[in-house]
Structures are given as C-alpha cells and as structure tokens.
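Visitor: no FASTA, just this:
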C-alpha cells in the first residue's frame, strides 16, 4: 500500500482509534481537552474537493476535526464549506492577509523569517500595510461567518513570501474579533506532539518555511523567540521518534510510543487513491521541496 493514499489515511485513523485516541476539533480542545486525544487539523490549501473526501471518511469513522479554508479559489467554496460543517467538523479561517497585502512591499531583513522574526515596531512594518491586512482579515472572516460559525483561525505559511502572517498579531489581538484560538499561539507544543504532512512527509522541517511547532518560549506573540522555540527540540514530547512516513506513525501507535496528546495536520490535497493525481502530487511536491530547501537555507 503506497503512502498518501486515502486507504493509508484510513489505516492511520483506524489505528489511532484502536489505541483509544479521541479525535477532536481544535475548538473542542480549547474548551474541554480530553486526556488522550488527536487534534485533527486540515489545511485546505488547494484542491478543495479533496477535503470533502477526507471529511466523509472521518464522518464514516465517527471522527470530527477542523478544516481551515483560505479565501482563494483553490480553497474557498461555499458548498464545500457547508457540507463539511454539516458533517460536524469545525471550520476555521486559514488566514494569509498580511502576506497577500504585502505583495510587492519591500521587507527589512530583520523582520523576515531569515532574520529571526524580530519585530521592532512600526519602523519595520508600514502602518498602511497593517491597516490593509487587518481590514482584509475582518472582511474575509465576516464572509466565512455568513456561511458557518468561525471560532478559531490558523495562519497559512505563504512559503514564497517574506512576510509571516502571524506578525499581524504584534499589532492586533485576534480575540477582539471573537476568535478564541490560533494553534501556533494557543497550543503548548511541549505538551502536544505536532505532526504535519508538510512537504509530503512527516519530518519535513528542513523543507518547511513556517509550519513548525513552537515551544512555550515562542507563544503568545513573542515573535522574536520563535526561532529559539524551534531550536528547543529537547523540550518536545517523544524526541526519540523518527517519523517520516505515515506507516512510521502507524507503527509508533501500535507500539504505544506516541504521547497522549497529538496535533495531526493534514493537507487533503496530498491524499488520493487516483494514480495520476497521486503521481502529479508526488512529483510537484518534490520540486517544491527542493525550492523551499534553498529558501530555508538562504534565510538562516
């Protein structure tokens, strides 16, 4: 059985269920976290119809998770959003307002990912850019809320942009918009094992621009310490695990090697049983990984 097929995804979910993990949306974890759970997160970056396939499979297994939608044609679809919400899944906003508003705006090195994400005030970010970004955020959030309730948000990595969308919260507080949580700020990754299929692999930090766990030092908007948080891997749960493939996670679950609390981030665009789309995704992701590896190296 090849990796990143729907059949493999089903096996992963069924294995975790057999080990008494509760699958929950992020919003539920914030309100009433179980002692043993998988926070099931989906970043709908592209191929929005794939998210219906994973949502239906999860619904069949009695599983609920969170689906974060971007406000671009590849992701946003009112019908898809409604169907996923009606299955009992949470829907949230996958925001990228700062990077989209900043297209074409020069970025100071010290304010970029490669410069250690040091936010030094308005001298490093134009006031108009922040104003435009928060206006875009409010408008997009309202558009989504006209379709379904929205209580949590999650940044889109925007890997080709120098701008980290989380920097918006150096100037505003998302709680003021009726948002109760953002995973990169409101999860303690010292306590929750973060697994993401970014890069079409589960150990893709080398080719991930921003989709990385932060330790406690990097939370609550202390942007200057995100790099420090990522370097503090000795503080994370189960550091001995080497999980590259989905089958590595399945085997770790079967051997009871996983911690009690996990955030599992899935990009539905990667998962399919159809041979040609599967091959296209594999080839294209390998090309993107090579490009992102160069970007990561250049920004260090």
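Guide: Right, received. Where do you want to start? Treat the numbers as computed from the prediction; the structure is a model and nothing was measured. Numbers count the residues shown, from 1 in each chain.
Visitor: What are the buried residues along the helix or strand encompassing residue 9?
Guide: Using DSSP states H and E, residue 9 sits in helix 6-18. Of all the residues in helix 6-18, those buried under the rule 16 or more other C-beta atoms under 10 Å are 6, 8, 9, 10, 12, 13, 15, 16, 17. In short, each C-beta sits where N, CA and C put it, glycine included.
Visitor: what's the average pLDDT for that helix?
Guide: Summarised as a single mean, pLDDT over helix 6-18 is 98.
Visitor: Stretch 164-182 now?
Guide: pLDDT averaged over stretch 164-182 gives 96.
Visitor: same deal with stretch 144-152?
Guide: Here the average pLDDT along stretch 144-152 is 98.
Visitor: Pull the residues that contact it.
Guide: Residues outside stretch 144-152 that contact it (C-beta atoms under 8 Å, 6 or more residues apart in numbering) are 26-27, 30, 66, 69, 71, 78, 81-82, 85, 90-93, 141, 178-183.
Visitor: redo that, cut-off 6 Å
Guide: Contacts to stretch 144-152, defined as C-beta atoms under 6 Å, 6 or more residues apart in numbering, come from residues 26, 27, 78, 81, 85, 91, 92, 93, 180, 181.
Visitor: List phi and psi for the nearest residue to residue 24 once chain neighbours are set aside.
Guide: Among residues not flanking residue 24 along the chain, residue 37 sits closest, at 5.3 Å (C-beta to C-beta, 6 or more residues apart in numbering). Main-chain dihedrals, residue 37, degrees, to the nearest 10: phi -160, psi 160.
Visitor: how far away is residue 37 from residue 19?
Guide: Here the distance between residue 37 and residue 19 works out to 11 Å (C-beta to C-beta, to the nearest Å).
Visitor: When those two are compared, which one has more neighbours?
Guide: residue 37 (20 against 14; other C-beta atoms under 10 Å).
Visitor: returning to that earlier point: relative to residue 263, which of the buried residues of helix 6-18 is nearest.
Guide: residue 16 (12.6 Å; C-beta to C-beta).
Visitor: okay but residue 267 is in contact with residue 44, surely?
Guide: No - counting by C-beta atoms under 6 Å, residue 267 does not reach residue 44; the two are 7.9 Å apart.
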